[in-house]
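J.: need a structure here:
(chains A and B)
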Number of protein chains: 2
Amino acid sequence: MKLKNDILIRALLREPTPYTPVWLMRQAGRYLPEYNATRKRAGSFLALCKNPDLATEVTLQPLARFPLDAAILFSDILTVPDAMGLGLYFADGEGPKFERPLREEWAIRDLFVPDPTVHLRYVLDAVRQIRQALAGSVPLIGFSGSPFTLACYMIEGQGSDDFAQAKTMLYTRPDLMHHILDITTQAVALYLNAQIEAGAQAVMIFDTWGGMLSHAAFHEFSLAYSRRVIAELKRTRDGMRVPCIVFTKGGGMWLESIAASGCDAVGLDWTCDLGAARQRVGERVALQGNLDPAILLTSVDVVRGETKRVLEQFGRGTGHVFNLGHGISQHTPPENVAALVETVHDSSAAYH
Amino acid sequence: MKLKNDILIRALLREPTPYTPVWLMRQAGRYLPEYNATRKRAGSFLALCKNPDLATEVTLQPLARFPLDAAILFSDILTVPDAMGLGLYFADGEGPKFERPLREEWAIRDLFVPDPTVHLRYVLDAVRQIRQALAGSVPLIGFSGSPFTLACYMIEGQGSDDFAQAKTMLYTRPDLMHHILDITTQAVALYLNAQIEAGAQAVMIFDTWGGMLSHAAFHEFSLAYSRRVIAELKRTRDGMRVPCIVFTKGGGMWLESIAASGCDAVGLDWTCDLGAARQRVGERVALQGNLDPAILLTSVDVVRGETKRVLEQFGRGTGHVFNLGHGISQHTPPENVAALVETVHDSSAAYH
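T.: Just a heads-up that it's a prediction; the model follows:
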């Protein structure tokens, strides 16, 4: 089925577009009352992720409110380690945790690459259902955590300020860390390919924790494995190119090497100047970002002004996908999101 | 009194030195059993800061164990807002908090510049006592939080993942934010000058939170005010130049503009490649850093190897002060610190 609105895909491939496309990381989330209602019905965040009907419902909610240019699969970045048997759960009001984090060498040696069509079938079912529900209106973005980010949680067992256990393993037992990353890389590649097979029209790799590494460790333990995932991706489906976006939070210093990873687009957090970033990557990749999500906590007027500033920083021409520099805050008033989307659409035409 | 070991001062001024000097952020801290004993006697962290005898005692503790090339005043970055009447306190096991954060416009308009010789006398007494106790062995570094970092805590009332309230004020009431920063800048400049007057032989500005700003906001709300502080500093005392170091955590992308702030040295977190950073700043400033503090949680062998890597990254010549990229972790085994200091001293001579 041909897409009615393929502006996102074209911008990611740096093809001409009439305006700048926009979607928002975590656009289906707790700032929307309708999301909270569905989540309550599901019983928990994880139950919501694992129920394709409800995951489809919440994926579509922001699109019913705002004329966004893409849908993103509603899921969690940690589904892959869950499928590996680590037992993902969410304690009330806390972040993700694993029942069986990787503590022992035998457990690391026992890691297996899960078959996504078996162990992550609920995700693929959601992808298929969302595609059907979207009916070609806008593209669907699939995603996964990066191998390194998954390894951080698998070793630490939960989020952390400094992921001291993961880093200690990286420095004292690099062989074990590389083994975890190797298995996880295979798993992520299979998983993203299965999402593409099921209907994802673009994919994104979230490297949430690569930015806490040193320059050398980032390249060896994070980027090298994201690059391997990208190299293994099926990049066309139904004759359409499936673009791949890599987002490393705090990765602004490494923009050139991320842009050379084989991806089509690089996600930028809000600390980068978008104009300077564009100069640094040249014609190699598109850029996605990078409004500070804190701006959505202010007022419609401030949102409009700062949104225009981001558009102006990127300047004329294609290759920009408007987004936040990080996921949307649960405290965001939905009317500010409406103002953002409207401003991107209205003000960006002049740059194309 | 002439310094017996002035290697730190010379390296900060990019003068030739026989080896690379080393000190560690938070070198007097909870990883040392003797520190914990003194803190227990003091009753609390804040009581320890406010007691010049005990502050002197803990400042000297790491120097008794390790042949460090500098002492750093034991104090807190939030003494200035405390002196402004905001009521600093530390809840058990939590970070710093203020009893009276800046919530109302009248409270912001009422802010005053405290006289450090009155309201922060306990700090100046500690500086004088530490200088006396050091007896010219190594230089004493004084410090303050940057105006922006202080403003973050003053508005938020405590630490935060995103400092959403501070950012909201910055975007919705930039006039109020600039007023807070203006008063705080005057206070910080007076405070650092009073520390220099009392005997501090180098000073450091800790911009802990500037790195969470956008490129534009960092330059307008953080760096511009640190620059004003630097411009107002007395840079010589007793005929000796008093070098100034600026450390912005997460500021690697803005290295060139930080280096142009008027400081003598730039502190780098561990995400920067030290060699690349040196190329970027050229002859303008010295660099301080930048071992990942997580490496100190590993083993003596790993510490030695990674310490050598940092020295190699900087390469030949002066202008490097070895340090961590962030404060030392409380879980650090002291023997790893000993290995670090020994390795810096032994291995760096070849580069000078």
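J.: what is the neighbour count of residue A:36?
T.: Residues lying near residue A:36 (other C-beta atoms under 10 Å in any protein chain shown) number 14. The way it works is simple: take the backbone N, C-alpha and C, and place the C-beta from them, glycine included.
J.: check which helix or strand covers it.
T.: helix A:33-42 (DSSP states H and E).
J.: export the helix or strand following that helix as PDB, just CAs?
T.: Downstream of helix A:33-42, the next assigned helix or strand under DSSP H and E is helix A:45-50. What follows is helix A:45-50, C-alpha atoms only, in PDB (Å, rounded to 0.1, in the frame of the first residue of the first chain):
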ATOM      1  CA  PHE A  45       2.800  -0.600  31.400                       C
ATOM      2  CA  LEU A  46       4.200  -4.000  30.500                       C
ATOM      3  CA  ALA A  47       0.700  -5.600  30.100                       C
ATOM      4  CA  LEU A  48       0.000  -2.700  27.700                       C
ATOM      5  CA  CYS A  49       3.200  -3.400  25.700                       C
ATOM      6  CA  LYS A  50       2.300  -7.100  25.500                       C
END
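J.: state the pLDDT value of the residue of the stretch 1-150 of chain A found nearest chain B.
T.: Across the stretch 1-150 of chain A, no residue is closer to chain B than residue A:95, which sits at 11.1 Å (C-beta to the nearest C-beta). Here, the pLDDT recorded for residue A:95 equals 88.
J.: with just CA atoms, put stretch A:211-218 into CSV.
T.: Output in CSV follows, covering the C-alpha atoms of stretch A:211-218 (Å, rounded to 0.1, in the frame of the first residue of the first chain):
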residue,chain,number,x,y,z
GLY,A,211,26.8,8.9,26.1
MET,A,212,28.0,8.0,29.5
LEU,A,213,31.1,6.2,28.1
SER,A,214,34.5,7.6,27.4
HIS,A,215,35.3,8.4,23.8
ALA,A,216,37.3,5.2,23.3
ALA,A,217,34.8,3.0,25.1
PHE,A,218,31.8,4.5,23.2
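J.: please identify the buried residues of that stretch?
T.: Neighbour counts over stretch A:211-218 (16 or more other C-beta atoms under 10 Å in any protein chain shown) mark A:211, A:212, A:213, A:214, A:215, A:217, A:218 as buried.
J.: equivalent analysis for stretch A:282-294, please.
T.: Applying 16+ other C-beta under 10 Å to stretch A:282-294 flags A:285, A:286, A:287, A:288, A:289, A:290, A:291, A:292, A:293, A:294 as buried.
J.: again with stretch A:76-87
T.: Applying 16+ other C-beta under 10 Å to stretch A:76-87 flags A:76, A:77, A:78, A:79, A:80, A:81, A:82, A:83, A:84, A:86 as buried.
J.: which SS class is the closest residue to residue A:137 other than its chain neighbours?
T.: Excluding the flanking residues, the one nearest residue A:137 by C-beta to C-beta, 6 or more residues apart in numbering or on different chains is residue A:4, at 5.4 Å. Under DSSP: H, G, I helix; E, B strand; the rest coil, residue A:4 falls in the coil class.
J.: what about the strand or helix carrying residue A:277, distance to the chain center?
T.: According to DSSP H and E, residue A:277 maps onto helix A:274-281. Centre-to-centre, helix A:274-281 and its host chain are 21 Å apart (C-alpha atoms, centre = their mean, to the nearest Å).
J.: and the next helix or strand past that helix?
T.: Next along from helix A:274-281, by DSSP H and E: strand A:286-291.
J.: need the contact list for the residue lying farthest from the centre of chain A.
T.: Distance from the C-alpha centroid of chain A, by C-alpha atoms, centre = their mean, peaks at residue A:106 (31.3 Å). When the contact criterion is C-beta atoms under 8 Å, 6 or more residues apart in numbering or on different chains, residue A:106 has no partners at all.
J.: isn't there a helix covering it?
T.: Yes - under three-state DSSP, residue A:106 falls within a helix.
J.: let me know the pLDDT of it.
T.: 96.
J.: same thing with the one 3 residues further on?
T.: Here, the pLDDT recorded for residue A:109 equals 96.
J.: quick one: the strands in the stretch 1-150 of chain A?
T.: A:71-72, A:88-90, A:96-98, A:140-145 (DSSP state E, counting those that start in this stretch).
J.: which elements pack onto the last one?
T.: Counting contacts by 3 or more C-beta pairs under 8 Å, 6 or more residues apart in numbering or on different chains; DSSP states H and E, strand A:140-145 packs against strand A:71-72, helix A:79-81, helix A:121-134, helix A:174-198, strand A:202-207.
J.: where does the stretch 1-150 of chain A dip in pLDDT?
T.: A:1 (pLDDT under 70).
J.: hang on, the earlier thing: may I see the strands of the stretch 1-150 of chain A organised as TSV, with mean neighbour count added?
T.: Below are those laid out as TSV (neighbours: other C-beta atoms under 10 Å in any protein chain shown):
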stretch	mean neighbour count
strand A:71-72	24
strand A:88-90	17
strand A:96-98	19
strand A:140-145	24
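J.: now do the same contact list for residue A:167.
T.: Counting by C-beta under 8 Å, 6+ apart, residue A:167 has contacts A:213, B:292, B:294, B:295, B:297.
J.: ok, 10 Å please
T.: Contact analysis of residue A:167 by C-beta atoms under 10 Å, 6 or more residues apart in numbering or on different chains lists A:152, A:155-156, A:160, A:177, A:212-214, A:217, A:221, B:292-295, B:297-298.
J.: mind checking how far the residue in the stretch 51-200 of chain A that chain B sits nearest to is from residue A:81?
T.: Using C-beta to the nearest C-beta, the closest approach of the stretch 51-200 of chain A to chain B is made by residue A:167 at 4.0 Å. The gap separating residue A:167 from residue A:81 is 18 Å, by C-beta to C-beta, to the nearest Å.
J.: next: residue A:65.
T.: For residue A:65, the distance to residue A:81 - C-beta to C-beta - is 32 Å.
J.: chain neighbours aside, what residue packs nearest to the residue of the stretch 1-150 of chain A closest to chain B?
T.: residue A:159 (4.1 Å).
J.: the one you found reaches residue A:97, doesn't it?
T.: Yes - using C-beta atoms under 10 Å, residue A:159 is in contact with residue A:97, at 8.3 Å.
J.: distance to residue A:255 added to the strands of the stretch 1-150 of chain A, as CSV?
T.: Listed next are those as CSV, based on distance: least, C-beta to C-beta, whole Å:
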stretch, distance to residue A:255
strand A:71-72, 23
strand A:88-90, 32
strand A:96-98, 28
strand A:140-145, 20
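J.: residues contacting residue A:178?
T.: Residue A:178 touches A:151, A:170, A:220, A:221, A:224, A:225, counting by C-beta under 10 Å, 6+ apart.
J.: restrict those residues to those near chain B?
T.: residue A:170 (C-beta under 10 Å from any C-beta of the partner chain).
J.: now, of the contacts of residue A:178, which are buried?
T.: Buried, going by 16+ other C-beta under 10 Å: A:151, A:170, A:220, A:221, A:224, A:225, out of the contacts of residue A:178.
J.: just curious, which of these is nearest to residue B:349?
T.: residue A:220 (28.9 Å; C-beta to C-beta).
J.: who are the neighbours in contact with the residue lying closest to residue A:107 once chain neighbours are set aside?
T.: Once flanking residues are discounted, residue A:107 sits nearest to residue A:100: 7.4 Å by C-beta to C-beta, 6+ apart. Shown in contact with residue A:100 (C-beta under 10 Å, 6+ apart): A:81, A:84, A:85, A:86, A:87, A:107, A:154, A:157.
J.: leaving out sequence neighbours, find the closest residue to residue A:330.
T.: residue A:30 (3.8 Å).
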